[in-house]
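K.L.:
give me the fold of what follows.
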Amino acid sequence: MGLLDFFKKKDNSNQEQQDLDKSLEKTKDNIFSKLTKAIVGKSIVDEEVLDELEEILVSSDVGVSTTLKIINRIENRVSRDKYLNSSELNTILKEEVQNLLSENNSNNFRDFEYGNYKPYVIMVVGVNGVGKTTTIGKLAYKLKLAGNKVVLGAADTFRAAAVEQLRLWAERVNVRIVAQPMGSDPASVAYDTLQSAVANGDDVAIIDTAGRLHNKVALMNELTKIKQVMQKIIPGAPHEILLVLDASTGQNAIEQCRQFTQATAVNALALTKLDGTAKGGVVIGISDEFKIPVKYIGIGEGMEHLQLFNKQEFVDSLFKQD
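P.N.:
Next up, the predicted model:
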């Protein structure tokens with residue numbers, strides 16, 4: 001890497017950090033304005049402060065079970081240290097959230113290079129309206145920016161709008177797309193996409209799938225069929241089953257995660273619309289409950305506003321004091 005590349009990468013990193021900070025502003029305001037009120041006039045972390053903190057975390061959609069874990073850990077520290085100043089609560093809370101993410105399957109993802117497989121196959125799942133197609137478009141943009149040849153597969157053939165929206169993203173990002181008429185067999189589209197990716201020497205193939213099926217059994221059968229068909233072309237595909245969730249829906253996102261993880265072997269998560277919600281705590285709750293890595297976060301509407309999730313940077317930004 002040349003000197004110019006180094007400074008360019010540093011500038012990009014600074015901009016991404018600023019974007020992340022901005023996207024978490026509503027969540028920070030929600031947590032810390034309430035936390036400040038909870039400890040006014042308090043010299044120690046007592047039961048009343050912990051009750052307030054519990055309510056704050058639950059209202060930020062950290063989730064009840066995860067909140068109770070955090071509160072229990074802080075209680076243990078209070079019991080062990082005998083005296084904790086309430087002004088230290090922000091630091092203590094940050095440390096416990098960091099510890100929780102470290103213990104779970106939360107990784108620090110560094111780049112958009114997937115060199116162990118060619119093509120690297122990503123099957124994207126999620127309900128309609130969570131930003132699934134937009135996330136695919138942004139991911140394709142980031143992958144192409146990193147030097148990858150990308151192809152999209154429009155396997156959500158139940159909605160004409162889904163195919164057309166994916167076409168628009170393919171044109172916008174300038175990547176190839178494989179599509180068939182509405183109502184075609186989704187597995188057939190996935191098969192054609194991978195066949196095309198191999199023939200074209202593509203680095204990454206991203207397969208969109210239907211966002212609405214009648215029930216969990218139908219969902220499981222459809223996704224299983226798509227996987228089996230893809231494995232005829234590339235053994236082991238898909239390498240990544242990416243579930244897209246809308247962070248602004250809070251507990252609803254957690255329920256969607258529960259349904260999809262029961263239907264298929266999800267091994268990566270993307271949380272969208274963090275910039276438009278005060279419920280960013282859902283990232284912590286989902287990481288803790290499902291032990292599936294949050295890999296991508298959506299922090300704005302622009303093509304560049306998809307970031308690889310870095311737990312350290314996320315926690316630092318969430319607890320950063322202005």
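K.L.:
show me what contacts the nearest residue to residue 198 once chain neighbours are set aside?
P.N.:
Once flanking residues are discounted, residue 198 sits nearest to residue 233: 6.4 Å by Cβ to Cβ, 6 or more residues apart in numbering. No exception for glycine: its C-beta is placed from N, CA and C like everyone else's. Contacts for residue 233 (Cβ atoms under 8 Å, 6 or more residues apart in numbering) come out as 191, 194, 195, 198.
K.L.:
the residue nearest to residue 120 when sequence neighbours are not counted: what's it in contact with?
P.N.:
Take residue 120 and drop its neighbours on the chain: the residue closest to it by Cβ to Cβ, 6+ apart is residue 114, 3.7 Å away. Counting by Cβ under 8 Å, 6+ apart, residue 114 touches 120, 148, 203, 204, 239.
K.L.:
ok, now residue 204?
P.N.:
Going by Cβ under 8 Å, 6+ apart, the list of residues near residue 204 reads 114, 119, 120, 121, 122, 143, 148, 149, 150, 151.
K.L.:
the fifth one pairs with what?
P.N.:
Looking back up the chat, that one is residue 122. When bridges are called by DSSP bridges, residue 122 pairs up with residue 206, residue 240.
K.L.:
my guess is it contacts residue 205, does it?
P.N.:
Yes - between residue 122 and residue 205 there is a contact under Cβ atoms under 8 Å: 7.2 Å.
K.L.:
which one's more surrounded, these two?
P.N.:
For the pair residue 122 and residue 205, the greater number of neighbours falls to residue 205 (31 against 25), based on other Cβ atoms under 10 Å.
K.L.:
burial count for the residue nearest to that one when sequence neighbours are not counted?
P.N.:
The shortest distance from residue 205 to any non-neighbouring residue, by Cβ to Cβ, 6+ apart, is to residue 197 (4.2 Å). Using other Cβ under 10 Å, the number of residues around residue 197 comes to 28.
K.L.:
so residue 197 is in which element?
P.N.:
Using DSSP states H and E, residue 197 sits within helix 186-200.
K.L.:
now that helix: buried residues?
P.N.:
Buried residues in helix 186-200, counting neighbours by 16 or more other Cβ atoms under 10 Å, are found at 186, 187, 189, 190, 191, 192, 193, 194, 195, 196, 197.
K.L.:
would you enumerate the residues in contact with the last one?
P.N.:
This points to residue 197. 119, 121, 151, 205.
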